[in-house]
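Chemist: Have a look at this fold, sequence not included:
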């Protein structure tokens, strides 16, 4: 009852890490990112959202190819332009929000453009500003009027994050963004109190505070991540980009009381367990200070199955002293891959929009005196059935426990 579509409720489509152009030259997977980007924008249009919010890494390459830029422009023009009126207003000083843009105002208020779905995006670590002009691929889209790039900070000494203030009826959102910055540098700046989130002057407790960030969330070394407790506790919701595992259901931070939603990527870019979690985007409803995040499963994402085998766990099957042990291991791996292909096929039957060939990854721990077999010969057998035949099998050795 709370979230009827009314004049006080913001509907926001939330996604991140779309990585347009990833593996674009791959004959099988080359179009995956473009197909899914269209699916995401199609959800935005069907749900008649107020705007789309992206958390960085829209592009996989810092200098995306002509094909990738063209495909991106095509999608944004197709889904985000039109006559449907935009129902919210901007109350902040846009010259501050978009100060590095040649057109420092939001695209839907440009009288020469007809925008039905505004897109707001920060940049990620893949599509960050570089070169003497400090331009990034998003700046091309924003110059063309198809996207609003925000959350960019140029200073190394001090970061002041000034929110875009949005109002729809009686609901007011303060939208904060911070484009990707090397984790160690940002960590140090937080510790030295050099990062400030500016609050609206009027009535600061009446705003829903939404913060979009693109940094390591899980710890990769002492200062190579951003601890959640560094963030201000007046925030209501953090949309956390960069981490590819989908944990989109908002999770409350015990100390700070804010919620964190990690949408995850919309394409598999690393063959790791986190990427095998089903991919979703979010439909975020905000009314007053209340929110609801609705999960939308992406249907065009290629199935990905991953499993681990530890050879030493099967002494009944494999004896390293047996001269035929390598054939036995290979036969065992083929059985495993067949089972994974069956699982993938069952998953695909329920969804005609999913690409035909799955991504399969079998990680084989061969510690304990075993030898890896030829991966090349093994992959030949799956050339026509698997999207990634060359790297189905990954041999690795867990460091063996030293005998005490």
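Modeler: Looks like it came in fine. Note that the coordinates shown come from a computational prediction; the quantities given were computed from them, not determined experimentally.
Chemist: tell me the domain ranges of this protein?
Modeler: 9-297, 304-396 (automatic domain parsing).
Chemist: can you pull out the helices in the stretch 301-404 of the chain?
Modeler: 325-349, 375-380 (DSSP state H, counting those that start in this stretch).
Chemist: Checking my notes, residue 23 in a helix, right?
Modeler: No: using DSSP: H, G, I helix; E, B strand; the rest coil, the secondary structure at residue 23 is coil, not a helix.
Chemist: Please tabulate the domains of the chain in TSV and include mean pLDDT and mean neighbour count as additional columns.
Modeler: Bear in mind the C-beta positions are built from the backbone N, C-alpha and C, glycine included. Below are the domains of the chain laid out as TSV (pLDDT from 0 to 100; neighbours: other CB atoms under 10 Å):
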stretch	mean pLDDT	mean neighbour count
domain 9-297	96	18
domain 304-396	93	15
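Chemist: and residue 105, which of the helices of the stretch 301-404 of the chain is closest to it?
Modeler: With CB to CB, the closest approach to residue 105 among the helices of the stretch 301-404 of the chain belongs to helix 325-349: 45.2 Å.
Chemist: Show me the contact partners of the closest one.
Modeler: For helix 325-349, contacts defined as CB atoms under 8 Å, 6 or more residues apart in numbering pick out 303, 305, 307, 309, 311, 314, 317-319, 322, 354, 356, 358, 360, 362, 364, 366, 370-371, 373, 378, 381-382, 385-386, 392-393.
Chemist: 6 Å - rerun?
Modeler: Residues outside helix 325-349 that contact it (CB atoms under 6 Å, 6 or more residues apart in numbering) are 303, 305, 318, 354, 358, 360, 362, 371, 373.
Chemist: Could you do stretch 35-46 as well?
Modeler: With CB under 6 Å, 6+ apart as the criterion, stretch 35-46 contacts 13, 15, 18, 52, 75, 79, 117, 266, 281, 296, 300, 301.
Chemist: which two from the residues you listed end up farthest apart in space?
Modeler: So, the contacts of stretch 35-46 by CB to CB: farthest apart are 117 and 301, at 21.8 Å.
Chemist: now the end-to-end length of stretch 44-54.
Modeler: Using CA to CA, to the nearest Å, the end-to-end distance of stretch 44-54 comes to 12 Å.
Chemist: And stretch 349-359, by the same measure?
Modeler: 16 Å.
Chemist: likewise stretch 367-384?
Modeler: Length of stretch 367-384, first residue to last, CA to CA: 31 Å.
Chemist: ok, now stretch 47-60?
Modeler: Stretch 47-60 end-to-end distance (CA to CA) = 27 Å.
Chemist: same check, this time on stretch 119-129
Modeler: Across stretch 119-129, the terminal residues are separated by 19 Å (CA to CA).
Chemist: can you give me the strands in the stretch 1-150 of the chain?
Modeler: Assigned strands in the stretch 1-150 of the chain, in chain order: 9-15, 51-54, 89-90, 119-121, 148-149 (criterion: DSSP state E, counting those that start in this stretch).
Chemist: For those strands, could you give me TSV that also reports distance to residue 260?
Modeler: Shown next, in TSV, are those (distance: least, CB to CB, whole Å):
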stretch	distance to residue 260
strand 9-15	12
strand 51-54	15
strand 89-90	26
strand 119-121	19
strand 148-149	23
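Chemist: what about these, which gets the closest to residue 254?
Modeler: The closest of the strands of the stretch 1-150 of the chain to residue 254 is strand 9-15. By CB to CB, the value is 23.0 Å.
Chemist: in its sheet, what does the closest one sit against?
Modeler: strand 51-54 (parallel), strand 280-287 (antiparallel) (DSSP bridges).
Chemist: Select, out of the ones you listed, the one closest to residue 200.
Modeler: Using CB to CB, the nearest of these to residue 200 is strand 280-287, at 15.6 Å.
Chemist: Give me the distance between the closest one and the centre of its chain.
Modeler: The chain centre lies 15 Å from the centre of strand 280-287; the measure is CA atoms, centre = their mean, to the nearest Å.
Chemist: C-terminal to that strand, what's the next element?
Modeler: Sequence order places strand 290-297 as the next helix or strand after strand 280-287, per DSSP states H and E.
Chemist: and that next one with strand 280-287, angle?
Modeler: 160 degrees (axes from the mean of the first three to the mean of the last three CA atoms, to 10 degrees).
Chemist: hmm, who's touching strand 290-297?
Modeler: 3, 43, 248, 250, 261, 280, 281, 282, 283, 284, 285.
Chemist: now with 8 Å?
Modeler: Outside strand 290-297, the residues that touch it by CB under 8 Å, 6+ apart are 2-3, 14, 43, 208, 236-237, 248-250, 259, 261, 278-285.
Chemist: That one pairs with which strands?
Modeler: Take DSSP bridges as the rule and strand 290-297 pairs in its sheet with strand 280-287 (antiparallel).
Chemist: List of residues touching the strand it pairs with?
Modeler: Contact with strand 280-287 is made by 2-3, 6, 8-15, 40, 43, 47, 49, 53, 171, 173, 208, 210, 237, 246, 248, 261, 263-264, 266, 291-298, as judged by CB under 8 Å, 6+ apart.
Chemist: Let's see that with 7 Å instead.
Modeler: 2-3, 8-15, 40, 43, 47, 171, 173, 208, 246, 248, 261, 263, 266, 291-298 (CB atoms under 7 Å, 6 or more residues apart in numbering).
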